[in-house]
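Novice: here are the coordinates; sequence isn't available:
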């Protein structure tokens, strides 16, 4: 690992595999399928390993993000997001048409978007699975009125190219509420909303085979509620500082930090005024929306982050950091951090086993 | 422009050209050369245009960032940063050897790094311009003691492969101090420090032909001080919310926001509970280290940003935003925002004139 050029994402394979196994064990027998979210890792090789561990497919957020996974042989991809506009819906339909053996899904929350999707599918000779997005509390996308859910269901069912699969009910910001009690309250309400919407669809003679949602912060709650049939955790395989702050429920699995950022000490000062080590990774190597990346060791704290630098200052007993040393940082928020890199270096016991491309890096379309 | 797929960086060419001309006019006759920092735009075409407007070369922060500019014909590139370690110094020396007609510079603040650079240059048969980095107040890299400056100068001069050019004296965080008085105090002190260091080098029989530094927030101060021979502003051609908050000095040029982010309204809610428009750009399309990207129009404010979404809510009179509409956002901080994209769409009067690759996107090595 000491030969790896910096800054670089380092994935500890033992921890990664343990995290993957812990998730599958934790939900075994609870009647939910696991569809990990690939927006956090954007890496086909990781998706393949998640499926080998028992996942039934993956989620993506964008058409361009789904593309490398379909090309890489992932046969069940749900875009857990709206795709809007004639150009974007046609791109999606053309992608689905290129992989007729794969299942490709998308979310809707507007009648106009249903019409656009149907038109695009007819033009591209494509079939899409469609999920009605429910707003279960996040107020970012999704519908809140049961009558709108049913109207969308009828609109989808009216098109032979669109297959109504059910409901997408993801409570995004509930993932990061720190106490279990807060998250339980949020997910209990989401589960009740999803239950009502499903009942309304079924009462209207429409299909609702799938209720999908949940993330790393709450999936044990959705899995226990008896309404969700599918969970979408993403961060659990790699973890970050933000998720590590969550209180964990009894009998919930604990995930280990498997992703780190390898850096180099590129400037060092140690005199009466300052004891600082400046690293060669900054805002272009990790995101700071959930706080900066932090040292994976004691005795040093982050004093400043700029585009290409992180300045650490000594605060207590900890490792010496000399010019050229390669300390590890823990990312604050993995999704936008991984998206800054072109590959992940997979290591075991400090030795490099593989370098995996971040296939969907920059796939924002 | 309405045909451009989103999210996308949009560069208004009229404003970009006006910004470029304003900078050159503002420092004309002040005895400083202009070496714009390319870490903010990472785009060879923009560098070419800056040089056509009168710049003498560019700055980069990393060896891998310098590479596309050298390959693109930029003949004078200063890496305004330390390059440390046998592997990284060899990469730099090999790059310089590939472009023998170009000037390639680098900064040092440590005797050990000087030895590494010299060894790498001998191995690669390369020549490098070397600048001693002074810490003029940022405490990120650079030396503070005059005796160390002179010791570094002698060490550099001892190697035929290294050419001592002078001092790098950039006061990074002074750029963002809001009042002119605060910035003036910081740069007056930096100028005095640089003056002393230059005198010490010259007194020791060493060369110090160049004193280089300064950014968009302070370059008028360095240009007026009589010590700096070169300025390195970067953000001035594109601008961002952070720089727009700075008080401007009398007779200083005012730069216009030329870079925007084109987005699509992908979900819309307007009922008694909420009047929100959700855009298809989030943390993977702009950085939030200086605050989120903000609407380029009145009547809407940012309520939340997540990986792929920005939620706007209405706060007053402003444009209607319907599903599929394509509003523009102003980036909070351009450098890490541009780095998230693969191209810039150059427009004039709302029509696309060109699409320029962001050649050094992700060049963190």
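Specialist: Yes, it's here. Because the structure is predicted, anything quoted here is derived from the model rather than measured. Numbers count the residues shown, from 1 in each chain, chains lettered A, B, ... in the order given.

Novice: Checking the closest residue to residue A:82 other than its chain neighbours next. Helix, strand or coil?
Specialist: Counting by Cβ to Cβ, 6 or more residues apart in numbering or on different chains, residue A:82 lies nearest to residue B:266, which is 4.8 Å off, once chain neighbours are set aside. (C-beta placed from N, C-alpha, C; glycine too.) Secondary structure assignment for residue B:266 (DSSP: H, G, I helix; E, B strand; the rest coil): strand.

Novice: which residues sit against the lowest-mean-pLDDT helix or strand in chain A?
Specialist: Every helix and strand in chain A was compared by mean pLDDT, DSSP states H and E; the lowest is helix A:241-244, with a mean of 94. Contact with helix A:241-244 is made by A:175-176, A:216-217, A:235-236, A:255, A:257, A:290-291, A:293-294, A:330-333, as judged by Cβ atoms under 8 Å, 6 or more residues apart in numbering or on different chains.

Novice: just to revisit the earlier point, in this structure the residue nearest to residue A:82 contacts residue B:276, no?
Specialist: No - in this structure, residue B:266 is not within contact of residue B:276 by Cβ atoms under 8 Å, at 11.7 Å.

Novice: higher neighbour count, these two?
Specialist: Set residue B:266 next to residue B:276 and count neighbours by other Cβ atoms under 10 Å in any protein chain shown: residue B:266 wins out with 26 against 21.

Novice: which residues touch that one?
Specialist: When contacts are counted by Cβ under 8 Å, 6+ apart, residue B:266 touches A:81, A:82, A:83, A:84, A:141, B:278, B:279, B:280, B:309, B:323.

Novice: now for the helix or strand containing the first one, which elements pack on it?
Specialist: Per DSSP states H and E: residue A:81 is located in strand A:76-82. Contact here means 3 or more Cβ pairs under 8 Å, 6 or more residues apart in numbering or on different chains; DSSP states H and E; on that basis strand A:76-82 packs against strand A:58-60, helix A:63-71, strand A:103-108, strand A:128-133, strand B:265-270.

Novice: Dump these to a markdown table, plus distance to residue A:19.
Specialist: Below are those laid out as a markdown table (distance: least, Cβ to Cβ, whole Å):
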| stretch | distance to residue A:19 |
| --- | --- |
| strand A:58-60 | 16 |
| helix A:63-71 | 20 |
| strand A:103-108 | 25 |
| strand A:128-133 | 27 |
| strand B:265-270 | 31 |
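
Novice: So which bits of the stretch 201-350 of chain A are right by chain B?
Specialist: A:264-269, A:271, A:273-274, A:276, A:278, A:280-281, A:283-285, A:287-289, A:304-309, A:311, A:323-324, A:333, A:335-336, A:339-342 (Cβ under 8 Å from any Cβ of the partner chain).

Novice: picking up where we left off before, please produce a ChimeraX select command covering the buried subset of the contacts of residue B:266.
Specialist: Buried residues within these, by 16 or more other Cβ atoms under 10 Å in any protein chain shown, are selected in ChimeraX with:
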select /A:81,82,83,84,141 /B:278,279,280,309,323
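
Novice: Sort out for me which of the contacts of residue B:266 are in strands.
Specialist: A:81, A:82, B:278, B:279 (DSSP state E).

Novice: List the contacts of the closest residue in space to the first one that isn't next to it in sequence.
Specialist: Same thing as residue A:81. Closest residue in space to residue A:81, ignoring its immediate chain neighbours: residue A:61 at 4.7 Å, by Cβ to Cβ, 6+ apart. Going by Cβ under 8 Å, 6+ apart, residue A:61 touches A:39, A:79, A:80, A:81, B:307, B:308.

Novice: ditto for residue A:284
Specialist: A:307, A:308, A:340, B:335, B:336, B:339, B:362, B:364.

Novice: Neighbours of the closest residue to it other than its chain neighbours, how many?
Specialist: The spatially closest residue to residue A:284, leaving aside those adjacent along the chain, is residue B:339, at 5.0 Å (Cβ to Cβ, 6+ apart). Per other Cβ under 10 Å, the neighbour tally for residue B:339 reads 25.

Novice: Enumerate every residue touching residue B:339.
Specialist: Residue B:339 touches A:284, A:340, B:42, B:358, B:361, B:362, counting by Cβ under 8 Å, 6+ apart.

Novice: What subset of the contacts of residue A:284 is buried?
Specialist: The neighbour-count test (16+ other Cβ under 10 Å) marks A:307, A:308, A:340, B:335, B:336, B:339, B:362, B:364 as buried among those.

Novice: Show me which of those is closest to residue A:193.
Specialist: Residue A:193 lies nearest to residue A:340 out of these, by Cβ to Cβ, at 35.5 Å.

Novice: Please tell me how far the closest one sits from residue A:133.
Specialist: According to Cβ to Cβ, to the nearest Å, residue A:340 stands 28 Å off from residue A:133.

Novice: residues contacting the residue in the stretch 101-250 of chain A that chain B sits nearest to?
Specialist: Nearest residue of the stretch 101-250 of chain A to chain B, counting by Cβ to the nearest Cβ: residue A:141, 3.7 Å away. For residue A:141, the contact set (Cβ under 8 Å, 6+ apart) comprises A:81, A:82, A:107, A:109, A:133, A:135, B:266, B:267, B:278, B:309.

Novice: quick one, what contacts the nearest residue to the third one once chain neighbours are set aside?
Specialist: Beyond its immediate neighbours in the sequence, the residue positioned closest to residue A:107 (Cβ to Cβ, 6+ apart) is residue A:133, lying 4.2 Å away. By Cβ under 8 Å, 6+ apart, residue A:133 lies in contact with A:82, A:107, A:108, A:109, A:141, A:142, A:143, A:167, A:168, A:169, A:170.

Novice: Now the phi/psi pair for the residue lying closest to residue A:314 once chain neighbours are set aside, please.
Specialist: Spatially, and ignoring its direct neighbours in sequence, residue A:314 is nearest to residue A:275 (4.3 Å; Cβ to Cβ, 6+ apart). Taking degrees, to the nearest 10, you get phi -130, psi 90 for the backbone angles of residue A:275.

Novice: and the longest helix anywhere in chain A with strand A:128-133, angle?
Specialist: Using DSSP state H, we find that the single longest helix of chain A is helix A:180-203. Put simply, helix A:180-203 runs at 120 degrees to strand A:128-133, going by axes from the mean of the first three to the mean of the last three Cα atoms, to 10 degrees.

Novice: tell me which residues of helix A:180-203 are tucked away?
Specialist: Of the residues in helix A:180-203, A:180, A:183-184, A:186-187, A:190-191, A:193-195, A:197-198, A:200-201 count as buried by neighbour count, 16+ other Cβ under 10 Å.

Novice: Around the closest residue to residue A:281 other than its chain neighbours, how many other residues sit close by?
Specialist: Taking Cβ to Cβ, 6+ apart, and ignoring the residues beside it in sequence, residue A:281 has residue A:7 as its nearest neighbour in space, at 3.7 Å. Residue A:7 has 26 neighbours, counted by other Cβ under 10 Å.
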